[in-house]
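Student: Any chance you can model this:
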Amino acid sequence: MGEYVYLDLQQQLVGHDIDTLFAEWRPGDERLLVLSPHDDDALLGAGYAMRVCRDLGAEVYVCIMCDGRAGYSREEERDSIVQVRIEESRRAYAAVGVDERHLVHLGFPDFSLRNFVGLLLSGGELGAMRSVVELLRRARITRLMIPNGYREHSDHQAAYDTGRYDGVQAGDPVAVDWGAPYAIKSTLQYSVWGDFCPEDALVQGRDPAIRANRALVVQQEVEDSIAQALAEWRSQGAIIADLLLARRSRACELGLMELYIAMDPRPALDYRPYARLIRSIAGG
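Tutor: Below is the predicted model of the structure:
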């Protein structure tokens, strides 16, 4: 079935191209941004998607929100760990074809990102919103991937809130001095290691054990390339080793899977079911 297999898990369909993941894909005019709470999260949860988008000619951007200051395993690494991880990130993303100019570090402290969601902090300092909106507009991002917001690391949940809200603001005619508004076409939620929220599956009457609604299946060569890139984070060696072992459960009959939720971050209220209900109640 080829190097990549695209699946709509909600409709139980195998797709023939990337439109299954990113509707109305326009070759030659696509730019993906992966919002990454920590430096390695984008590769861990969206590495396959980044690879396929790059292979199809899209520009791939990664925005790393936290600075990695808590990621030292030995006390003597404490003062150097941030700079070490910046350099490791540069090598890791270069290994999967991400241009160094498309790698953005926002530098917020680990375990604290929820304190920086929004525009202004209580002391008047800027939070994450302006930087994220400016990036989305400046790079004219067409597709956004944000981390799982359900029971993962608190920084992941904060990055999810940032992405689902600031992503749509990028296309709104507000704060135009941050750049010309540019609307994102679609948003995918990816999981780093935790399961997704069961809410949508339950509402739609689906098996709550199947919470993702999209999947991308790749061959072993793609997984190997992601594993080699992840190995560039030598300072995170013990953590990465455990995560690589856990990735073995991605194997399926067709290859190795990466799971997502195609989501509408700003769903419109549909009045039609209410109109039918009111008509029924009123006897119309």
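Student: residue ranges for the strands of the stretch 1-150 of the chain, please.
Tutor: For the stretch 1-150 of the chain, the strands defined by DSSP state E, counting those that start in this stretch occupy 4-8, 13-15, 31-36, 59-66, 103-108, 143-147.
Student: In TSV: those strands, plus mean neighbour count.
Tutor: In short, each C-beta sits where N, CA and C put it, glycine included. Formatted as TSV, those follow (neighbours: other C-beta atoms under 10 Å):
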stretch	mean neighbour count
strand 4-8	20
strand 13-15	14
strand 31-36	27
strand 59-66	25
strand 103-108	19
strand 143-147	27
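Student: Need those strands in JSON lines (columns: distance to residue 116 and mean pLDDT).
Tutor: Below are the strands of the stretch 1-150 of the chain laid out as JSON lines (distance: least, C-beta to C-beta, whole Å; pLDDT from 0 to 100):
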{"stretch": "strand 4-8", "distance to residue 116": "35", "mean pLDDT": "97"}
{"stretch": "strand 13-15", "distance to residue 116": "37", "mean pLDDT": "94"}
{"stretch": "strand 31-36", "distance to residue 116": "13", "mean pLDDT": "98"}
{"stretch": "strand 59-66", "distance to residue 116": "8", "mean pLDDT": "98"}
{"stretch": "strand 103-108", "distance to residue 116": "5", "mean pLDDT": "98"}
{"stretch": "strand 143-147", "distance to residue 116": "15", "mean pLDDT": "98"}
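Student: among these, which is nearest residue 94?
Tutor: strand 103-108 (8.5 Å; C-beta to C-beta).
Student: so how far is that closest one off the chain centroid?
Tutor: Chain-centre distance of strand 103-108: 15 Å, with C-alpha atoms, centre = their mean, to the nearest Å.
Student: now swap in stretch 114-121 and tell me
Tutor: The answer for stretch 114-121 is 19 Å, by C-alpha atoms, centre = their mean.
Student: Report the buried residues of it.
Tutor: For stretch 114-121, a neighbour-count test (16 or more other C-beta atoms under 10 Å) marks 116, 117, 118 as buried.
Student: Redo those residues as CSV? Include distance to residue 61 and pLDDT.
Tutor: Listed next are the buried residues of stretch 114-121 as CSV, based on distance: C-beta to C-beta, whole Å; pLDDT from 0 to 100:
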residue, distance to residue 61, pLDDT
116, 20, 98
117, 20, 97
118, 22, 97
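Student: possible to save these as TSV with distance to residue 145?
Tutor: TSV is the format used below for the buried residues of stretch 114-121 (distance: C-beta to C-beta, whole Å):
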residue	distance to residue 145
116	20
117	18
118	21
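Student: and which of those is nearest to residue 253?
Tutor: Within those, distances to residue 253 taken as C-beta to C-beta reach their minimum at residue 117, with 40.4 Å.
Student: Output the strands of the stretch 1-150 of the chain in TSV; the columns should cover distance to residue 243.
Tutor: Listed next are the strands of the stretch 1-150 of the chain as TSV, based on distance: least, C-beta to C-beta, whole Å:
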stretch	distance to residue 243
strand 4-8	23
strand 13-15	28
strand 31-36	14
strand 59-66	17
strand 103-108	20
strand 143-147	15
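Student: what's the closest of those to residue 158?
Tutor: strand 59-66 (7.9 Å).
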